[in-house]
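Enquirer: Quick one: sequence and predicted model below, then my questions.
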Amino acid sequence: MKLLLTVSMFAAAALGQSAPPLTIASAVDREISGVEKQILDVAEAMPEDKFNFSPESLNIPGGGYKGVRTFAEQVKHVAASNYAIWWRLTGDKFPDDFMGGNGPDSLKTRAEALKFLKDSFALGHKAAASLTAQNMLQTPERSKSTRLRLAMFGVEHAFDHYGQMVEYLRMNGVVPPASR
């Protein structure tokens, strides 16, 4: 990451532009923005009539898809996990109905799931903004990880599910936005 930051500063200087001061908060926020775009693009690419698709329905012999999450559950899982990971950095209360890994059962429509996902990334941006050079290595209450580790784990976890969601799109004949 240090190399990336150095290259960015030199590139801005070479173009005659002054780069805004880079902070731990802005660096982490950039990572959150990157995964947010990828996840939202994929989530929005799945047609509404396929939003509850699960590879289990394909009955592929030896596929091992029994009991896997539907696409909608993948979206809600990423969002619920974002809240579960990032609330410790913001001090926001973790809602009781987000427990269980798949988000609130009350979310039934594609639009509701997408809003939940967008709101979870807004919390991620708030979490990133809370990071400073002074507090990034502190361990928040009820956590075993540092603030920086929690912020980055949210990004890593979302990218893991991004890969799964891409496969769900392809199984439905949808070319993922990043591959178009």
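Expert: That came through, no problem. Residues are numbered from 1 along each chain as shown.

Enquirer: Could I get the contacting residues of the residue nearest to the spatial centre of the chain?
Expert: Within the chain, one residue has its C-alpha closest to the average C-alpha position: by C-alpha atoms, centre = their mean, that is Ala158, at 3.7 Å. Remark: with contacts taken as C-beta atoms under 8 Å, 6 or more residues apart in numbering, Ala158 is in contact with 35-36, 39, 78, 81-82. For every residue, glycine as well, the C-beta is placed using N, CA and C.

Enquirer: Show me the residues you listed that map onto helices.
Expert: Where these overlap with helices, as defined by DSSP state H, the overlap consists of 35-36, 39, 78, 81-82.

Enquirer: how about the contacts of Ala158, which pair is most distant?
Expert: Taking every pair in the contacts of Ala158 and measuring C-beta to C-beta, the maximum separation is 13.5 Å, between Glu36 and Ser81.

Enquirer: Check which residues of the top helix by length along the chain are buried.
Expert: Using DSSP H to define each element, the chain has its longest helix at helix 147-171. Neighbour-count burial for helix 147-171, counted by 16 or more other C-beta atoms under 10 Å, picks out 147-152, 154-155, 157-158, 161-162, 164-166, 168-169, 171.

Enquirer: Return, as residue ranges, the portions of this structure with sub-threshold pLDDT.
Expert: In the predicted model of the chain, residues 1-18, 99 satisfy pLDDT under 70.
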